[in-house]
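A.B. asks: Below are the sequence and a predicted model; questions follow.
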Amino acid sequence: MHLLERVVEKPHECSYLPGERASLEVEVLLDVSPVEMQGLLEHGWRRFGPMYFRPGCSPCAECVGLRVPVERFSPSKTQRRVARGAKRFRREVAVPTVDDARLDLYARWHVGREQVRGWDENPQPRERYTLEFAFPHPCAREATFYDDSPEGGGRLVGVGLFDETPDALSATFFFHHPDYARSSLGVANVLTLIDDARAAGKRHVYLGFRVSGCASLRYKATYRPHELLVGRPAKDERPVWQLSQTGVTASTSRRA
């Protein structure tokens with residue numbers, strides 16, 4: 001693992017919580033092995049391309065790392081219904097790639113978010129998409145969903161980017177066609193990752209940061225039980241995760 005650059009952003013307006021100030025701790029790393037990626041996940045780091053980041057905000061601590069222990073996970077009634085409905089879609093897993101279908105799908109999805117949730121415009125040209133979502137990495141994976149029904153005609157309707165390490169899967173990003181919003185493909189993506197992890201004997205699925213006050217991120221707590229990272233441990237510290245279910249958190253010092 002080779003560190004090319006490390007920066008801590010100057011505090012700026014938080015995009016998740018109005019009135020709060022945000023800052024990210026960012027490292028640009030190359031040649032990160034799957035084992036090293038595992039350690040970064042355990043310490044609360046996320047990845048987009050060669051950029052690894054985690055919150056560096058102070059004093060706010062609303063962004064909390066969340067992971068699902070796959071053997072303990074029990075889907076809710078709603079999640080089971082989504083899983084049944086998602087069986088009509090063809091799902092393929094491969095290394096990430098870039099093409100017009102993916103770029104068009106991302107653009108349609110983001111415009112939908114701008115209209116429904118008031119997001120700012122965020123164009124994703126081919127070069128940026130390649131850097132953030134398809135940068136060559138031994139852990140990088142992509143799950144694609146297709147509608148093969150007569151109406152769908154085999155079109156791409158969902159793309160999920162994730163990382164695979166020896167002990168875990170880590171959901172990175174997901175976008176879908178706005179016409180399929182009622183199918184809850186984002187939920188289906190997480191559920192299939194949990195199934196994949198269980199089948200492969202992996203212990204956890206990482207879902208990034210839970211932010212209870214943000215509609216786009218609070219959903220992560222609906223995957224129960226889940227574990228929350230305590231604080232922001234240094235890379236040479238032993239991370240501590242706490243088991244949480246139905247709003248009650250139990251302390252545990254079990255190895256991450």
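C.D. replies: Yep, it's here.

A.B. asks: I'd say residue 112 and residue 178 touch.
C.D. replies: Yes. Because the distance of 3.7 Å satisfies Cβ atoms under 8 Å, residue 112 is recorded as touching residue 178. Heads up, the C-betas are built off the backbone N, CA and C, glycines and all.

A.B. asks: mind listing the helices for this structure?
C.D. replies: Taking DSSP state H as the criterion, the chain carries its helices at 34-42, 77-86, 100-117, 126-133, 185-199.

A.B. asks: Which stretches in the stretch 1-150 of the chain count as strands?
C.D. replies: Listed from the start of the chain, the stretch 1-150 of the chain has strands (DSSP state E, counting those that start in this stretch) covering 2-8, 12-13, 21-22, 24-30, 46-48, 51-55, 64-69, 89-94, 140-147.

A.B. asks: got a list of contacts for the second one?
C.D. replies: Residues lying outside strand 12-13 but in contact with it, judged by Cβ atoms under 8 Å, 6 or more residues apart in numbering, are 21-23.

A.B. asks: Among those, name the buried ones.
C.D. replies: Judged by neighbour count, with 16 or more other Cβ atoms under 10 Å as the criterion, the buried members of these are 22-23.

A.B. asks: mind listing what the residue of the chain most remote from its centre touches?
C.D. replies: No residue in the chain has its C-alpha farther from the mean C-alpha position than residue 150, which lies at 31.3 Å (Cα atoms, centre = their mean). Residues counted as contacts of residue 150 (Cβ under 8 Å, 6+ apart): none.

A.B. asks: ok, now how distant is it from residue 177?
C.D. replies: Counting by Cβ to Cβ, to the nearest Å, the gap from residue 150 to residue 177 is 17 Å.

A.B. asks: Neighbours of the closest residue to residue 233 other than its chain neighbours, how many?
C.D. replies: Once its chain neighbours are removed from consideration, residue 233 has its nearest residue in residue 239; the separation is 4.6 Å (Cβ to Cβ, 6 or more residues apart in numbering). Residues lying near residue 239 (other Cβ atoms under 10 Å) number 20.

A.B. asks: Find me the pLDDT at residue 239, would you?
C.D. replies: At residue 239, the model reports a pLDDT of 97.

A.B. asks: just residue 104 next, same as before
C.D. replies: Residue-level pLDDT assigned to residue 104 equals 96.

A.B. asks: and what of residue 215?
C.D. replies: Confidence at residue 215, expressed as pLDDT, is 78.

A.B. asks: Could you report the neighbour count for it?
C.D. replies: Residues near residue 215, counting by other Cβ under 10 Å: 9.

A.B. asks: Over to the one 3 residues further on?
C.D. replies: Residues near residue 218, counting by other Cβ under 10 Å, number 13.

A.B. asks: Give me the nearest residue to it, chain neighbours excluded.
C.D. replies: The shortest distance from residue 218 to any residue other than its chain neighbours is 5.2 Å, reached at residue 212 (Cβ to Cβ, 6+ apart).
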